[in-house]
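coords please:
(chains A and B)
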Number of protein chains: 2
Amino acid sequence: MIQITIIGSGNVAQHLIKAFKKSEAVEIVQVFSRKKENLSAVIEFDKIIDDFADLKESDLYIIAVTDNAIAEVSAQLPFNNQLVAHTSGTASIETLDDKNRRGVFYPLQTFSKNKEIDFSVIPICVEAENTFDFRVLETAAKSISNSVFAINSEQRKALHVAAVFVNNFTNHLYQIGQEICEDHQVPFDILKPLIEETADKIKTLDPVDAQTGPAKRHDSITTDAHLAFIQNENQKNIYKILTQSIQDNGKKL
Amino acid sequence: MIQITIIGSGNVAQHLIKAFKKSEAVEIVQVFSRKKENLSAVIEFDKIIDDFADLKESDLYIIAVTDNAIAEVSAQLPFNNQLVAHTSGTASIETLDDKNRRGVFYPLQTFSKNKEIDFSVIPICVEAENTFDFRVLETAAKSISNSVFAINSEQRKALHVAAVFVNNFTNHLYQIGQEICEDHQVPFDILKPLIEETADKIKTLDPVDAQTGPAKRHDSITTDAHLAFIQNENQKNIYKILTQSIQDNGKKL
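Numbers count the residues shown, from 1 in each chain, chains lettered A, B, ... in the order given. Predicted structure coming up:
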C-alpha cells in the first residue's frame, strides 16, 4: 500500500483524489488546501489540512498546483529527503526544490471540472531521479491507469508541444470550420460526424496514411477555388500554409 | 418505393448500393459500371450494365463518379427530363447536363473501401431545382440516414472548405504531433486519448469555449519556450500562425 499526500485543490488534484480513493494499492493520507472547503466534496474533512506543519509522513507527496507555484510550494515543505512529485506537462523535474527526492506524475489529458473522467485510459507520464522512486511513482500510476509511461523532462517537453498541435490547434481548426459554416448559414452539426471519424481513423492508421483531400492530391483547381471562396485573410493564410505543409511533408514519414 | 439507378463503381457508389439495398423505401433498378466485375460483390450481376443504351426507367439516377467526369457522364445519358443527381461536395448542381432535371445527393464523410460504414449517422446534403425533385432526393436520403439537410451549391462549397479545415488540416496536425513525438523518442500513442477527447468535447461545447492551452491563456513564457524547442522551420511557422489566430479570434464568436 502506497501512502500518498496530495497538495493542491484544483482540477487535477480533485481528479487524482477521486481516482486514488478507488484504488486498493494506494491510501490517501492527507490533502493540503489553503481553503479546506474546496475539497469537502471529494475527501473526508479530517484528512484535509491547511498548514504544512500538520503534514504527516507519506511515501509520496504529489504537488498538483499551477506551474508557477511549483517551486515555491516545494520549497515550503517542512521536511527533507522525501519523494515529492509535480503533475505538470511543462515544468522540468528540477523545478522542484532539491531538498527532497524529486519526481513527476503527469496525467496527459484536459481536465474539465464538471466532467467525470475514466482515469484508466488516461496516459500517466512518470519520471524520477532513481529506480526506487520511479517504482513508487509507477506503482501509484498503474493503480489508477492502464497506460503508464517512463518519460523524462526533455521528452515531456516534446509531448507538450505535440499536444498543443493535436489538441489546442486542432480545436482552433474546429472553430474556423464553425465560423465558415455560420458565415454561410450552414449548421456546424453537419461536420461533427466527420470530425469524429477524423479522430477515429488514426487509432488504426498513421496520420500520413489517413491524409486525404485536395492538398494531398495536389488538386490545384480545388485549392485555388477554395482560396478564392475564403474572404477572411487569416483563414486564407492558414489554408495556404497548411496546404503547402501537407504537400511538402506527404512523403516525409 | 423510389426506383434508383446508380452510375459508378467507386467507394461512394459501393457504399450507396449497400445502404440502399437495406432500405425498404428504395429499389435499386440498375447499376452502371464500365467494368461489371467491380460490383459483383455488392449487387446481383443481372442488375449491372456497362452500356448506357441498356438503362431502364428510374425515378432517380445518381452519378457517383469523380468530379472531373460528372459533366461528361451526365451528357452521355440517352434520355431527357429525368432526375439526375451527382454526389460531389464541390461540383455545382450546374455541372450536370441541363437536358435532365438536376440534383445533388452528397453524403458528407470520408469513405474508405475496406471499412464498414453506418450510413444512418452520415449527413446527406440534398439539393434540387424544384420541390418535387427535392422531395424525391430527400426521401431517398432519409431512407438511409437520420441526418438529411437541404444545402444549396453555395452552402455546399462553404461546407467543403470547412471540411478541409476540420478533416484534412486536422489530420495534418496529427501528423506533425507524431513527427514531434518520433523526433524525441516518445510513443505517439500517448496522445491518442487526448485526440479523442478533443474531438469528443465539441459534441457538447462550442469550439471557442472548448479552447484551452498557452495561446488561449496568452502565456507567452510557454509559447516562447515551445518556439525555442521546435527546430523544424515549417512547424515553427505553423505554431506561430495558429497561436496568433487563437489570440486574435478568441473573443470573436
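
In contact with A:E24, which residues?
A:S143 (C-beta atoms under 8 Å, 6 or more residues apart in numbering or on different chains). C-betas here are computed from N, CA, C, even on glycine.

7 Å - rerun?
Not one residue lies near A:E24 by C-beta atoms under 7 Å, 6 or more residues apart in numbering or on different chains.

And it, which helix or strand is it part of?
Using DSSP states H and E, A:E24 sits within no helix or strand.

Tell me how far it lies from chain B.
24 Å (C-beta to the nearest C-beta, to the nearest Å).

cool, A:S74 as well?
For A:S74, the distance to chain B - C-beta to the nearest C-beta - is 19 Å.

A:V161 too?
Separation of A:V161 from chain B (C-beta to the nearest C-beta): 5 Å.

For that residue, what are phi and psi?
phi -60, psi -50 (degrees, to the nearest 10).

Next, count neighbours for it.
Neighbour count of A:V161, defined by other C-beta atoms under 10 Å in any protein chain shown: 24.

Spatially nearest residue to it, not counting backbone neighbours?
Using C-beta to C-beta, 6 or more residues apart in numbering or on different chains and skipping the chain neighbours, the partner closest in space to A:V161 is B:H226 (5.0 Å).

is it fair to say the one you found lies in a helix?
Yes - under DSSP: H, G, I helix; E, B strand; the rest coil, B:H226 falls within a helix.

so where's chain A uncertain?
A:111-115, A:250-253 (pLDDT under 70).

and with 90 instead?
A:11, A:35-38, A:40, A:67, A:89-90, A:109-119, A:212, A:217, A:221, A:249-253 (pLDDT under 90).

Tabulate the CA atom coordinates of the helix or strand where A:I6 lies in PDB.
Element membership of A:I6, judged by DSSP H and E, is strand A:2-7. Below are the C-alpha coordinates for strand A:2-7, written out as PDB (Å, rounded to 0.1, in the frame of the first residue of the first chain):
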ATOM      1  CA  ILE A   2       1.500   3.300  -1.100                       C
ATOM      2  CA  GLN A   3       0.700   6.200   1.200                       C
ATOM      3  CA  ILE A   4       0.100   9.400  -0.800                       C
ATOM      4  CA  THR A   5      -0.400  13.000   0.300                       C
ATOM      5  CA  ILE A   6      -1.800  15.500  -2.300                       C
ATOM      6  CA  ILE A   7      -1.000  19.200  -2.200                       C
END
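
Name the residues that touch the next helix-or-strand element following that strand?
Following strand A:2-7 in sequence order, the next helix or strand is helix A:11-22 (DSSP H and E). Helix A:11-22 is contacted from outside by A:4, A:6, A:26, A:28, A:31, A:42-43, A:62, A:64, A:87, A:107, A:111, A:113, A:117, A:119, A:144, using C-beta under 7 Å, 6+ apart.

Could I have the buried ones of those as ChimeraX selection syntax?
Command for ChimeraX, covering only those of the contacts of helix A:11-22 found buried under the criterion 16 or more other C-beta atoms under 10 Å in any protein chain shown:
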select /A:4,6,26,28,31,42,43,62,64,87,107,111,117,119,144
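
And the furthest pair within the contacts of helix A:11-22?
A:V26 and A:K113 (22.5 Å; C-beta to C-beta).

Mind listing what's buried along the longest helix along chain A?
With secondary structure taken from DSSP state H, chain A has its longest helix at helix A:233-249. Of all the residues in helix A:233-249, those buried under the rule 16+ other C-beta under 10 Å are A:235, A:238-239, A:241-243, A:245-246, A:249.

Tell me where the stretch 1-150 of chain A has strands.
Assignment of strands within the stretch 1-150 of chain A using DSSP state E, counting those that start in this stretch yields the ranges A:2-7, A:26-32, A:48-49, A:60-63, A:83-86, A:101-107, A:124-128, A:148-150.

between the ones you listed, which gets nearest to chain B?
strand A:148-150 (5.9 Å; C-beta to the nearest C-beta).

and the nearest residue to A:S23 once chain neighbours are set aside, what does it touch?
In this structure, A:S23 finds its nearest non-sequential neighbour in A:S143, 4.1 Å apart by C-beta to C-beta, 6+ apart. A:S143 is in contact with A:23, A:25-26, counting by C-beta under 7 Å, 6+ apart.

With A:G10 instead?
Per C-beta under 7 Å, 6+ apart, neighbours of A:G10: A:A64.

Same question for A:E182.
A:F188.

Specify the local secondary structure of it.
Applying three-state DSSP: A:E182 is helix.

that older thread, among the contacts of helix A:11-22, which one lies nearest to A:Y174?
Using C-beta to C-beta, these come closest to A:Y174 at A:F111, 19.3 Å.

If you tally nearby residues, what's the number for A:Q231?
9.

Confirm it sits in a strand?
No - under three-state DSSP, A:Q231 falls outside any strand and is assigned coil.

What distance do you get for it to chain B?
Using C-beta to the nearest C-beta, A:Q231 is found at 11 Å from chain B.

coming back round to it: chain center to the strand holding A:I6, what's the gap?
20 Å (C-alpha atoms, centre = their mean, to the nearest Å).

can you check stretch A:135-150 too?
With C-alpha atoms, centre = their mean, you get 15 Å for stretch A:135-150.

Report the buried residues of it.
Per 16+ other C-beta under 10 Å, stretch A:135-150 contains these buried residues: A:136-141, A:143-145, A:147-149.

Return the member of those nearest to chain B.
Once C-beta to the nearest C-beta is applied, the member of the buried residues of stretch A:135-150 that ends up nearest chain B is A:F149, at 5.9 Å.

which residues sit in contact with the closest one?
A:123, A:125-126, B:187, B:190.

Of the residues you listed, select the buried ones using a ChimeraX command.
Buried residues among the contacts of A:F149 (16+ other C-beta under 10 Å), as a ChimeraX selection:
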select /A:123,125,126 /B:190
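
Quick check: the farthest pair among the contacts of A:F149?
A:V126 and B:P187, at 13.8 Å, using C-beta to C-beta across the contacts of A:F149.

Filter the buried residues of helix A:233-249 to keep only those in contact with chain B.
Residues of the buried residues of helix A:233-249 in contact with chain B (C-beta under 7 Å from any C-beta of the partner chain): A:238, A:241-242, A:245-246, A:249.

could the strands of the stretch 1-150 of chain A go into a markdown table alongside distance to A:H160?
Shown next, in a markdown table, are the strands of the stretch 1-150 of chain A (distance: least, C-beta to C-beta, whole Å):
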| stretch | distance to A:H160 |
| --- | --- |
| strand A:2-7 | 22 |
| strand A:26-32 | 26 |
| strand A:48-49 | 31 |
| strand A:60-63 | 18 |
| strand A:83-86 | 13 |
| strand A:101-107 | 9 |
| strand A:124-128 | 10 |
| strand A:148-150 | 14 |
